[in-house]
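Engineer: sharing a model that was predicted from the sequence below.
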Amino acid sequence: MNDICQTRCQVNIIHQEQVNKAVHNMPGDDLIVQTAELFSLLGDVSRLRILQALITTELCVCDLASILEVSSSAVSHQLRLLRAMGMVRYRKEGKIAYYSLAGTHVSSLLSATFDHLKNC
């Protein structure tokens with residue numbers, strides 16, 4: 001690590017202890033990539049609006065389409081992506097699928113983000 005920094009930066013490490021702590025606390029590459037993918041997924045207005053609607057209550061595709069004023073097909077596509085990343089889950093009741101947040105961690109993430117932006 002030290003050799004890489006010196007080669008790239010052309011500087012010596014000034015605060016070795018802080019650098020060691022940062023390196024020690026750095027998540028693995030896989031987790032970093034997954035986090036980037038999650039933030040990329042959340043970088044879509046429609047998906048954020050879907051998640052925000054689901055904070056309140058579980059909803060079917062038709063209800064979500066009505067809230068977002070888009071087609072059911074468009075909502076289904078977004079829900080498929082959100083489900084693949086573990087952000088939403090669904091349950092079937094007859095032919096209707098009802099979607100909800102996958103857990104409180106999703107609403108906590110959104111709330112923390114909105115709070116951060118309100119306080120900037």
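Structural biologist: Looks like it arrived, so ask away.

Engineer: quick one, helices of this protein?
Structural biologist: 2-9, 16-25, 29-41, 45-56, 61-68, 72-84, 104-118 (DSSP state H).

Engineer: average pLDDT across the first one?
Structural biologist: Pointing back at helix 2-9 there. Per-residue pLDDT over helix 2-9 has a mean of 57.

Engineer: what does the last one give?
Structural biologist: With pLDDT averaged residue by residue, helix 104-118 scores 93.

Engineer: list the contacts of the residue positioned nearest the centre of the chain.
Structural biologist: Centre of the chain computed as the mean C-alpha position; nearest residue by C-alpha atoms, centre = their mean is Leu38, 3.9 Å away. Neighbour list for Leu38: Met85 [criterion: C-beta atoms under 8 Å, 6 or more residues apart in numbering]. (Glycine included, C-beta is placed from N, CA and C.)

Engineer: cool, and Val61?
Structural biologist: Contact analysis of Val61 by C-beta under 8 Å, 6+ apart lists Ser72, Val75, Ser76, Leu79, Ala97, Tyr99.

Engineer: just the buried subset of the residues you listed, written out for PyMOL, thanks.
Structural biologist: Under the burial definition 16 or more other C-beta atoms under 10 Å, those of the contacts of Val61 that qualify are selected in PyMOL by:
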select buried, resi 75+79+99
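
Engineer: what's the neighbour count on the spatially closest residue to Gln52 that is not a sequence neighbour?
Structural biologist: Leaving aside its sequence neighbours, Gln52 sits nearest to Leu110 (C-beta to C-beta, 6 or more residues apart in numbering; 6.7 Å). When neighbours are counted by other C-beta atoms under 10 Å, Leu110 registers 18.

Engineer: so Leu110 sits against Ala53, correct?
Structural biologist: No: Leu110 is beyond contact range of Ala53, at 11.2 Å (criterion: C-beta atoms under 8 Å).

Engineer: JSON lines for the contacts of Val61, including distance to Asp115 and pLDDT?
Structural biologist: Listed next are the contacts of Val61 as JSON lines, based on distance: C-beta to C-beta, whole Å; pLDDT from 0 to 100:
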{"residue": "Ser72", "distance to Asp115": "32", "pLDDT": "97"}
{"residue": "Val75", "distance to Asp115": "27", "pLDDT": "98"}
{"residue": "Ser76", "distance to Asp115": "30", "pLDDT": "97"}
{"residue": "Leu79", "distance to Asp115": "26", "pLDDT": "98"}
{"residue": "Ala97", "distance to Asp115": "31", "pLDDT": "95"}
{"residue": "Tyr99", "distance to Asp115": "24", "pLDDT": "98"}
